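Asker: any chance you could fold what I've pasted below:
(chains A and B)
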Amino acid sequence: MSKISFEDLRLLENFGHSLRLPSYFYKLGGLDEIKPLFKLAHDEGLTINLRGAGRSYNDAALNAGGILLDLQAINHILEWHPATGLIRCEPGVTLKQLWQHVLPDGWWPPVVSGTMTTTIGGCLGMNIHGKNNYRAGTIGDHVIEFTALLPTGAEIVCSPKKNEDLFRAMIGGLGMLGVFTSITMQMKRTVSGLLEVQAWNVPDIKVHLENIDARKEEADYIVGWMDCTARGRALGRGQLHQANYLHDGEDPDPFRTLQVDYQTLPSKFFGLVPKSILHYFMAPIMNNPGTRLVNTAKFMVGRTKTYRQSHASFHFLLDYIPDWERSYGRQGLIQHQSFLPRDTALQTWTNMLNISHKRGLPAYLGVTKRHRPDSFLLSHAVDGFSLAMDFKVTTGNRIQLASMLQEFDELILQAGGRFYFAKNSETRPETALAFLGEETITKFRALKKRCDPENLLASDLYRRVFECA
Amino acid sequence: MPELQHYSFQHSTPLNPGRKAILVGASSGIGAALACHLADQGYSLALLARRTELLSTLCEQINLKAGVTLARAYPHDVKDYDSVPALLQSILADLGGVDLFIYNTGISLPVGLKKFNFEKDRQTIEVNFLGALAWLNPVAAMFQSLNSGQIVGISSVAGERGRVGNPSYNASKAALTSYLEALRNRLTRHGVHVLTAKPGFVDTGMLAGAKGMFWVISAEQAARDIYKAIRDRKQDIYTPARWRWVMLLIRNIPSVIFRKMVF
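Answerer: Residues are numbered from 1 along each chain as shown, chains lettered A, B, ... in the order given. Modelled structure (predicted):
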């Protein structure tokens, strides 16, 4: 892109297909193109946002009226050391590329999201967490070093020891301070391609949270499915899944299970129906009675069981049904994820679930996890739990839904909770200020000024949350 | 000149995506009425016109009524053709998108029945037609790339016949109508909607002092009709509606008769 042309405009969407905004879309061919693009943006008075796989549920990877740089082609694995588990890669490398590269040598990415399509650059920008957050921290905790190009033109190296302030701010910095050019991470040893998984039902939200908490010492991973359509005594019921790594000798054929082919998710449902068409069949049940029925059925058939499952099958639940988010219809979906301290979670979520029933706006999917605080600047984590809720957006429910989420946000703030910038689309600047604190925001602004004095990097998320705060 | 107040527009979110419009020629008449009507419907508006003072007052009125920043003023002379692409680019960034573009600017500079005046003719064509082209070209390119959007041109019933009173006005509106039709034929396949609005006599500054008017409607009435046509994605609209049938008749008056009429 050497000049701005209206012909390069594209309507880009968030992952939930609930927001479409126009940007000058440009697929980056090489890292050397970034500096001229910063100059172009400067000359034209436009902003640039970076986009990886575009998997954020909100407006993090959008930049209305500005330039959107797609970094997916910057996807080379630069170095891999199977002896030490150190990997250096470019920001467009996906988690899929990453695990497929390291697993055959007996390693697994220490932190992964619920989908493997995300890019490392995006994962770092949002400082993602996995189902092992309480134990392994966020992805940023496993970054040994990264290099980045700042809008000032400076090329920097950051690690927990070098440029520490930028290390802690750029990881989770929403891509607003600079462009990651290479990332060095430590992988985790695994002796088998399988995990020992236990699944069991929990009858209500109290047991749900107590069980997650009780298992956190023994479980390597733990995640809960919450039936947010259940009411009354069954409020917050669901199913928990715990997974543990196998130890030496427990997998009879580790050589086979560590192969990529063994891990690959099946492409057909029951061996018959291609999964790629499943979302069309899901669409008709994506309403209150439909999801209530399906969730109840899912709960009823849930049994306590122990089985072995491949890493990919356990971790990447969201990839089971390709394009599942399309089943939410034309107006798409939004996700609201709240992080609450251990002591206030039960009461607050009980209130929130009750409010959602009272308003007739239950979440169709709820996911719970256990977390621990981290040392990154714009951190979302707490010593407690998180609950992610998916809501269908319709032309008729927007105003009601917005007012309910506003009510939720107030409850969460009162309970000492936090929010996640990769998910929530309606977080207001005053809410961000309240949970991050003035000191943190001032620090972030100071770094923004140092790295990007002309505000060349901007996203709709950044404008929404930080520009008017 | 008063200081222009520049506040940010509201941010689009999935639960409040908002609709966004650019209105060229917004300071008075149909344009100002359309701006108020669109603001009532929740549109965020980039309002353009030459007269900064009028424009600022209008924006203040709209924003005061809405309680949020819905309208922002962009002083602009449509004859400044070269400035259009950069201005559109910066409005697009300010608004965070454009769903609707309206070209309303128009002047009428009548000349006496036996007079001829190139200067007036040139001005009319420049403002009514060339100014429109300067905007419609980049706007069409933009909407075509986005595969969405609505374009509205405020033409006139005057564009349907050449009449003795105001040849260049007739010609400018005929050209605009024809250009909009061509745009429609090009852009419909890209999901873009083009509306040609043809008001009859509207009680605006343009008609001040004119004689022989009939069926005069208010600018607000015209704005309401045009908005309905935008909402329903009509391809053309006569306001008031009876002009459609009157113009059908007038279009078919044989020239041998028409040239004898002082109309």
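
Asker: low-confidence ranges, the stretch 151-300 of chain A, go.
Answerer: Residue ranges of the stretch 151-300 of chain A with pLDDT under 70: A:265-271.

Asker: quick one, helices of it?
Answerer: A:164-170, A:205-215, A:254-257, A:260-263, A:278-282, A:288-301 (DSSP state H, counting those that start in this stretch).

Asker: with chain B instead?
Answerer: Using DSSP state H, the helices of chain B run over B:29-40, B:52-66, B:84-95, B:118-125, B:131-146, B:167-187, B:219-231, B:243-251, B:255-258.

Asker: export these as TSV, with columns for mean neighbour count.
Answerer: All C-beta spots, glycine's among them, are computed from the backbone N, C-alpha and C. Below are these laid out as TSV (neighbours: other CB atoms under 10 Å in any protein chain shown):
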stretch	mean neighbour count
helix B:29-40	24
helix B:52-66	17
helix B:84-95	20
helix B:118-125	15
helix B:131-146	21
helix B:167-187	19
helix B:219-231	19
helix B:243-251	14
helix B:255-258	10
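
Asker: looking at those, spot the one closest to residue A:171.
Answerer: helix B:84-95 (28.4 Å; CB to CB).

Asker: so that closest one, near chain A or not?
Answerer: Yes. Helix B:84-95 reaches chain A (CB under 8 Å from any CB of the partner chain) through B:85, B:88-90, B:92-95.

Asker: relative to residue A:82, which of the residues you listed is nearest.
Answerer: residue B:93 (47.4 Å).

Asker: give me the below-cutoff pLDDT ranges for the stretch 351-469 of chain A.
Answerer: A:468-469.

Asker: quick one, strands of it?
Answerer: With strands called from DSSP state E, counting those that start in this stretch, the stretch 351-469 of chain A shows them at A:365-371, A:384-392, A:418-419.

Asker: the second one near chain B anywhere?
Answerer: No. Contact check for strand A:384-392 against chain B, using CB under 8 Å from any CB: none in range, with a minimum separation of 9.2 Å.

Asker: with only the CA atoms kept, save that strand in PDB.
Answerer: Output in PDB follows, covering the C-alpha atoms of strand A:384-392 (Å, rounded to 0.1, in the frame of the first residue of the first chain):
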ATOM      1  CA  GLY A 384     -10.700 -16.100  41.600                       C
ATOM      2  CA  PHE A 385     -13.000 -17.200  38.800                       C
ATOM      3  CA  SER A 386     -14.100 -16.000  35.400                       C
ATOM      4  CA  LEU A 387     -17.400 -16.500  33.700                       C
ATOM      5  CA  ALA A 388     -17.800 -16.000  30.000                       C
ATOM      6  CA  MET A 389     -21.300 -15.700  28.700                       C
ATOM      7  CA  ASP A 390     -22.300 -15.700  25.100                       C
ATOM      8  CA  PHE A 391     -25.400 -13.600  24.100                       C
ATOM      9  CA  LYS A 392     -27.200 -13.600  20.900                       C
END
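
Asker: report the distance from that strand to the chain centre.
Answerer: 12 Å (CA atoms, centre = their mean, to the nearest Å).

Asker: before we move on, the earlier item: for the residues of helix B:84-95 next to chain A, which one is nearest chain A?
Answerer: Among the residues of helix B:84-95 next to chain A, residue B:93 lies closest to chain A (CB to the nearest CB), at 3.5 Å.

Asker: spell out which residues of chain B are next to chain A.
Answerer: So chain B meets chain A at B:8, B:11-17, B:85, B:88-90, B:92-98, B:138, B:141-142, B:144-148 (CB under 8 Å from any CB).

Asker: how about a cut-off of 10 Å?
Answerer: When proximity is defined as CB under 10 Å from any CB of the partner chain, chain B approaches chain A at B:8, B:10-17, B:20, B:85-86, B:88-99, B:137-149.

Asker: now do the contacts for residue B:132.
Answerer: Each residue near residue B:132 by CB atoms under 10 Å, 6 or more residues apart in numbering or on different chains is listed here: B:24-25, B:78, B:103-106, B:139, B:153-155, B:172, B:175-176, B:179-180.

Asker: show the contacting residues for residue A:47.
Answerer: Taking CB under 10 Å, 6+ apart as the test, what residue A:47 contacts is A:23, A:41, A:63-68, A:452, A:454-459, A:462-463, B:93.

Asker: what of residue A:334?
Answerer: So residue A:334 contacts A:14, A:16, A:18-19, A:57-58, A:328, A:389-393, A:398, A:401-402, A:405, A:423-426, B:13-15 (CB under 10 Å, 6+ apart).

Asker: could you do residue B:80 as well?
Answerer: Here residue B:80 is in contact with B:50, B:87, B:131, B:134 (CB under 10 Å, 6+ apart).

Asker: so how many other residues sit close to residue A:44?
Answerer: Around residue A:44 there are 17 other residues, counting by other CB atoms under 10 Å in any protein chain shown.

Asker: any regions of the stretch 101-250 of chain B where pLDDT drops low?
Answerer: Ranges of the stretch 101-250 of chain B meeting pLDDT under 70: B:209.

Asker: return the alpha-carbon coordinates of stretch A:365-374 using PDB.
Answerer: Extracted C-alpha coordinates of stretch A:365-374, given in PDB (Å, rounded to 0.1, in the frame of the first residue of the first chain):
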ATOM      1  CA  LEU A 365     -23.300 -20.600  26.600                       C
ATOM      2  CA  GLY A 366     -21.400 -20.100  29.900                       C
ATOM      3  CA  VAL A 367     -17.800 -21.000  30.600                       C
ATOM      4  CA  THR A 368     -16.100 -20.900  33.900                       C
ATOM      5  CA  LYS A 369     -12.400 -20.900  34.700                       C
ATOM      6  CA  ARG A 370     -10.000 -20.500  37.700                       C
ATOM      7  CA  HIS A 371      -7.500 -17.700  37.600                       C
ATOM      8  CA  ARG A 372      -4.600 -16.100  39.400                       C
ATOM      9  CA  PRO A 373      -3.300 -12.500  39.300                       C
ATOM     10  CA  ASP A 374      -0.500 -11.600  36.900                       C
END
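
Asker: and it, what's buried?
Answerer: By neighbour count on 16 or more other CB atoms under 10 Å in any protein chain shown, the buried set for stretch A:365-374 is A:365-372, A:374.

Asker: residue A:231 contacts residue A:353, doesn't it?
Answerer: Yes. At 8.0 Å, residue A:231 counts as touching residue A:353 under the criterion of CB atoms under 10 Å.

Asker: pull up the overlap in contacts between the two.
Answerer: By CB under 10 Å, 6+ apart, the residues touching both residue A:231 and residue A:353 are residue A:362.

Asker: quick one: which of these two has more around it?
Answerer: Applying other CB under 10 Å to residue A:231 and residue A:353 shows that residue A:353 carries more neighbours, namely 23 against 17.

Asker: tell me the contacts of residue A:11?
Answerer: A:20-23, A:25, A:62, A:64, B:97, B:145-149.

Asker: which secondary structure element contains it?
Answerer: Per DSSP states H and E: residue A:11 is located in strand A:9-13.

Asker: and whatever helix or strand comes next after that strand, anywhere near chain B?
Answerer: Downstream of strand A:9-13, the next assigned helix or strand under DSSP H and E is strand A:20-27. Yes. Using CB under 10 Å from any CB, we find that strand A:20-27 touches chain B at A:20-25.
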